[in-house]
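1. What shape does this take:
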Amino acid sequence: MKTHTLHFTQKMPISLTEAWDFFSSPLNLSKITPKRMSFVITSDYAADTKMYEGMLISYKVSPLLGIKMDWMTEITHVKEGEYFIDEQRFGPFALWHHEHHFKAIEGGVIMTDKLTYGVPFGFLGRIANSIMVAKQTQEIFDYRVKAVDDLFGIYK
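-> This next block holds a predicted model:
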């Protein structure tokens, strides 16, 4: 399986505590996911639930042609206020390893994501990645940047 790694960085004019509180709540993920994906968390969590190591989060998502798919990720590592990692347990990818890092900077916080993913189906998956998966993944993270800017104000 061929893997792909993407890096994303975003500055936000909020405190590290505010950033951590927002991004460590599973329920906020739908606020920063494109509406076209029909993203719904199917796990039963209260609004104040924070991520913890071993947490399983299940979703319904429509990444392609409106076809609904089940997706489950596990929070595998958490260092409060610094980083957390989610990994797919089942879903549309052959591999999904997503690191979220947070660091206080002057005037706010910088969030850095490292996403390593693999597409199933061997050669056909590599073609699918070239034609659409890489582009759609980039679009999802571009949407997230705009959504976060709208929620917290553009960092200048």
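2. In three-state terms, label the residue lying farthest from the centre of the chain for me.
-> Most distant residue from the mean C-alpha position of the chain: Phe123, 25.7 Å away (Cα atoms, centre = their mean). The assignment at Phe123 comes out as helix when based on DSSP: H, G, I helix; E, B strand; the rest coil.
3. For Glu74, which three-state class applies?
-> Relying on three-state DSSP, one would call Glu74 strand.
4. for the one 4 residues further on, same thing?
-> Each residue gets one of three states, and Val78 gets strand by three-state DSSP.
5. That one: neighbour count?
-> Residues lying near Val78 (other Cβ atoms under 10 Å) number 19. Quick note: C-beta positions are derived from backbone N, CA and C, even for glycine.
6. measure Thr17 to Gly153 for me?
-> Per Cβ to Cβ, to the nearest Å, Thr17 is found 16 Å from Gly153.
7. Likewise for Ile67?
-> For Ile67 relative to Gly153 (Cβ to Cβ), the value is 36 Å.
8. so what's Gly66 closest to, chain neighbours aside?
-> Closest residue in space to Gly66, ignoring its immediate chain neighbours: Ser38 at 7.4 Å, by Cβ to Cβ, 6 or more residues apart in numbering.
9. And the pLDDT at the one you found?
-> Confidence at Ser38, expressed as pLDDT, is 91.
10. does the closest residue to Val78 other than its chain neighbours sit in a helix or strand, and which one?
-> By the measure of Cβ to Cβ, 6+ apart, the closest residue to Val78 outside its immediate chain neighbours is Phe84, 4.6 Å from it. Secondary structure assignment for Phe84, by DSSP states H and E: strand 83-90.
11. Helices of the protein, start to end?
-> Here the chain has its helices, by DSSP state H, at 16-23, 122-128, 134-152.
12. I am finished for the moment; much appreciated.
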